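*Asks:* below are the sequence and a predicted model; questions follow.
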Amino acid sequence: MDSLQAAAQEARTETSPDFDAIIIGAGVSGLYQLYKLRELGINTRVFEAGTGVGGTWYWNRYPGARFDSESWSYGYSFSPELLEEWNWGEHFAPQPETERYLNYVADKFDLRRDIQFNSRVTAAHYAEDTRSWELTLEDGRRYSTRFLITAIGVLSAPTMPTIPGVDTFGGQSCHTHYWPKEPVSFEGKRVAVIGTGATAVQAIQEIAKTVGHLTVFQRTPNWCAPLHNGKIGQDEMRRIRGNYPEIFARCQETPGCFIHAPDPRSTREVTPEEREAFWEKLYAEPGFGIWQGNFRDVLVDREANRLLSDFVARKIRQRVKDPAVAEKLIPKNHGFGTRRVPLETRYYEVYNQPNVKLIDINETPIERITPKGIKTSDAEYGFDIIIYATGFDAITGSFDRIDIRGIDGCRLKDKWKNGPQTYLGILVEGFPNMLMVMGPHAGLGNFPRAAEYSVEWVTGLVGFAHERGLTRIEATAAGVSEWTEHVLSLGEGLLMNEIDSWMTGVNRNVESKQTRKIMRYSGGHPAFRQQCDAVAADGYRRLALA
């Protein structure tokens, strides 16, 4: 027995925790984390606030919700059987199809028996004497676990606008994240949508198909690009299935884990005619190519970004008939790709409909919600339905909504008040045995591709501890400082870090989220994996283990 094992055994108490591991969240990452811990023989329980699996794809069932990653690049890659059995119906799957897929996964691998639904975690406190976490659910139930694994997502803490009178409205209203499971009819209805982010873009273009009258309240327009979705027939699905090894290998190579990679050329090393032709090609292709597969300098060089933004602005002016409305839909405070790019299907054409009105709330701010509708500084509008597409307190917001306390009762929210501090985006110093799947400062991108890696790394560390009888895993202060400085340095020079958005931790509806912070690893996923792999290959010696 080595000294680490002896120390670990000595530290054990007679009281064992209820579980070896508790996972918070039964979405894409939580389901796979459960699957992987089962392989280790770890006694695991998942706590899920909803009544079903799916995470994002359980909650966000608003009209038009769908992938903007190619479906066949989004699904899990770990099971050849699953890849063989599942047929995607569209290149960019809608929410109902994705929810069916994740339910199929849960059933195929018998995951539900270890998932506790209707179980929202409100608090998680670390107990040093037992080296375990004590969790409290919303209904007061309490559980203990050796390892606490958060799989709570980067966009799972919805925010309502700080507008007076929200509770006074007499009609139907909801945030898009909490969309009702029963169908909502818009026929003959007067509908308001507040917001024009990615969620709003998807909802607006779908609602406009049947609505009586639609009014969109916009504060900040976003640069949008065409989705170019299409159905997948049996023959094409057969070809996709045969190409899965190449598809997943491609996603491993690219910075964002998409099938799209930056063009090696810079914007101004080609002629204006070649540049225009390249952008026309990207604009006509499906998916994120125009964002993730553009010239290598468009997200770091101001002039290159201006040229690209001018191209997309011309497209908007071509598609929107009223020049004044077109100008309102063209962002003036940020360049193309410096915020998350919504993908759309005839979104701009919606504003050509006579029954659709765009209101710029910078010109006429919303003063309050009234029993009958919405009052701005110059008019009061009556509505039957108000939809709040007002986004999320992103990346750290879902952590802030749980009372997470580490050593000596230190609150995670306080520790991160000036920005997240992590090691590898997975561990936090002072919070032993807490492991974050897709936490702040991790490599983001095409979510399942990045999440699968994060889950597998966490599983490797838990397995390492389990084999050796270790009961305490923690990042060191030096490791956190080094990693955080590394992440911050990678963010220098990126135009998107100069812009207020959820990707820089800004949310005007959250009092503590008014200052830009570096929230994610910007060096590309291959480099992120290389960093994490090196720590594992070194036997995790950069961590404090006991």
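*Replies:* Structure's in. What do you need? Numbering: from 1, shown residues only.
*Asks:* quick check: residue 273 is in a helix.
*Replies:* Yes. Checked against DSSP: H, G, I helix; E, B strand; the rest coil, residue 273 lies within a helix.
*Asks:* that one: neighbouring residues, count only.
*Replies:* 8 (other Cβ atoms under 10 Å). Bear in mind the C-beta positions are built from the backbone N, C-alpha and C, glycine included.
*Asks:* lowest average confidence, helix or strand, in the protein?
*Replies:* Every helix and strand in the chain was compared by mean pLDDT, DSSP states H and E; the lowest is helix 3-11, with a mean of 41.
*Asks:* the biggest strand by length in the chain: what's the following helix or strand?
*Replies:* In the chain, with assignment by DSSP state E, the single longest strand is strand 142-150. Scanning forward in sequence from strand 142-150 by DSSP states H and E, the next helix or strand is strand 172-175.
*Asks:* give me the contacts around that following strand.
*Replies:* 158, 160, 166, 180, 184, 384, 385, 386, 387, 388, 389, 390 (Cβ atoms under 8 Å, 6 or more residues apart in numbering).
*Asks:* what helices and strands are in contact with whichever helix or strand comes after it?
*Replies:* Beyond strand 172-175 in the direction of the C-terminus, DSSP H and E gives the next helix or strand as strand 190-194. If contacts are counted by 3 or more Cβ pairs under 8 Å, 6 or more residues apart in numbering; DSSP states H and E, strand 190-194 sits against helix 198-207, strand 213-218, strand 373-376, strand 380-382, strand 385-388.
*Asks:* redo that, cut-off 6 Å
*Replies:* strand 213-218, strand 385-388 (3 or more Cβ pairs under 6 Å, 6 or more residues apart in numbering; DSSP states H and E).
*Asks:* among the ones you listed, which is nearest residue 130?
*Replies:* Checking the helices and strands packed on strand 190-194 against residue 130 by Cβ to Cβ gives strand 385-388 as the closest, at 42.6 Å.
*Asks:* what are the contacting residues of the following helix or strand past the closest one?
*Replies:* Per DSSP H and E, the first helix or strand lying C-terminal to strand 385-388 is helix 397-400. The contact list for helix 397-400 (Cβ atoms under 6 Å, 6 or more residues apart in numbering) reads 152, 156, 157, 412, 413.
*Asks:* check contacts around the last one.
*Replies:* Contact analysis of residue 413 by Cβ under 6 Å, 6+ apart lists residue 400.
*Asks:* same question for the first one.
*Replies:* The neighbours of residue 152, taking Cβ under 6 Å, 6+ apart as the test, are 24, 25, 398.
*Asks:* ok, and the closest non-adjacent residue to it?
*Replies:* Of all residues not flanking residue 152 in the chain, residue 398 sits nearest, at 4.2 Å (Cβ to Cβ, 6 or more residues apart in numbering).
*Asks:* pLDDT weak spots in the chain?
*Replies:* For the chain, applying pLDDT under 70 flags the ranges 1-14.
*Asks:* same thing but at 90, please
*Replies:* 1-15, 155, 444, 500-514, 517-518 (pLDDT under 90).
*Asks:* related to what we said a few turns ago, between the contacts of residue 152, which sits nearest residue 448?
*Replies:* Closest approach to residue 448 among those (Cβ to Cβ): residue 25, at 14.0 Å.
*Asks:* for that closest one, grab the count of nearby residues.
*Replies:* Counted with other Cβ under 10 Å, the neighbours of residue 25 add up to 26.
*Asks:* which ones are touching it?
*Replies:* For residue 25, the contact set (Cβ under 6 Å, 6+ apart) comprises 151, 152.
*Asks:* over to residue 91?
*Replies:* By Cβ under 6 Å, 6+ apart, the contact set of residue 91 is 70, 229, 230, 286.
*Asks:* from residue 491, how far off is the first one?
*Replies:* Here residue 70 is placed at a distance of 27 Å from residue 491 (Cβ to Cβ, to the nearest Å).
*Asks:* ok, the two, which is more surrounded?
*Replies:* Neighbour count, other Cβ under 10 Å: between residue 70 and residue 491, residue 70 has more, with 24 against 18.
*Asks:* just the contacts of residue 91: which are in helices?
*Replies:* Counting by DSSP state H, no part of these is found in helices.
*Asks:* neighbour-wise, which one of these leads?
*Replies:* Tallying neighbours with other Cβ under 10 Å puts residue 70 at the head of those, with 24 neighbours.
*Asks:* the residue nearest to residue 152: how many residues sit nearby?
*Replies:* Neighbours around residue 398, by other Cβ under 10 Å: 20.
*Asks:* follow-up on the earlier one: I'd like the next helix or strand past the least confident helix or strand of the chain.
*Replies:* Following helix 3-11 in sequence order, the next helix or strand is strand 19-24 (DSSP H and E).
*Asks:* one step back: just the contacts of residue 152 now: which is nearest residue 88?
*Replies:* Distances from residue 88 to these, taken by Cβ to Cβ, are shortest for residue 25, at 23.9 Å.
*Asks:* phi, psi of the closest one?
*Replies:* Note on residue 25: backbone dihedrals following degrees, to the nearest 10 are phi 110, psi 130.
*Asks:* tell me the bridge partners for the closest residue in space to residue 372 that isn't next to it in sequence.
*Replies:* With Cβ to Cβ, 6+ apart as the criterion, residue 372 has its nearest non-adjacent residue at 5.0 Å, and that residue is residue 382. Assessed by DSSP bridges, residue 382 has beta-bridge partners residue 373.
*Asks:* thinking residue 382 is in contact with residue 375, fair?
*Replies:* No. Look at residue 382 against residue 375 with Cβ atoms under 6 Å: they stay out of range, at 10.4 Å.
*Asks:* among the two, which residue is more densely surrounded?
*Replies:* More crowded of residue 382 and residue 375, by other Cβ under 10 Å: residue 375, with 17 against 14.
*Asks:* what's near enough to touch residue 216?
*Replies:* Going by Cβ under 6 Å, 6+ apart, residue 216 touches 193, 358.
*Asks:* related to what we said a few turns ago, let me know the closest of the contacts of residue 152 to residue 269.
*Replies:* Among the contacts of residue 152, residue 398 lies closest to residue 269 (Cβ to Cβ), at 42.4 Å.
*Asks:* and the gap between the residue nearest to residue 372 and residue 163?
*Replies:* Separation of residue 382 from residue 163 (Cβ to Cβ) stands at 17 Å.
*Asks:* how about residue 366?
*Replies:* Using Cβ to Cβ, we find residue 366 at a distance of 6 Å from residue 163.
*Asks:* please apply the same query to residue 475.
*Replies:* Spatial separation of residue 475 from residue 163 under the definition Cβ to Cβ is 40 Å.
*Asks:* tell me which of those two has more neighbours.
*Replies:* residue 475 (24 against 19).
*Asks:* quick one: that one and residue 429 touch, right?
*Replies:* Yes. Using Cβ under 6 Å, residue 475 is in contact with residue 429, at 4.5 Å.
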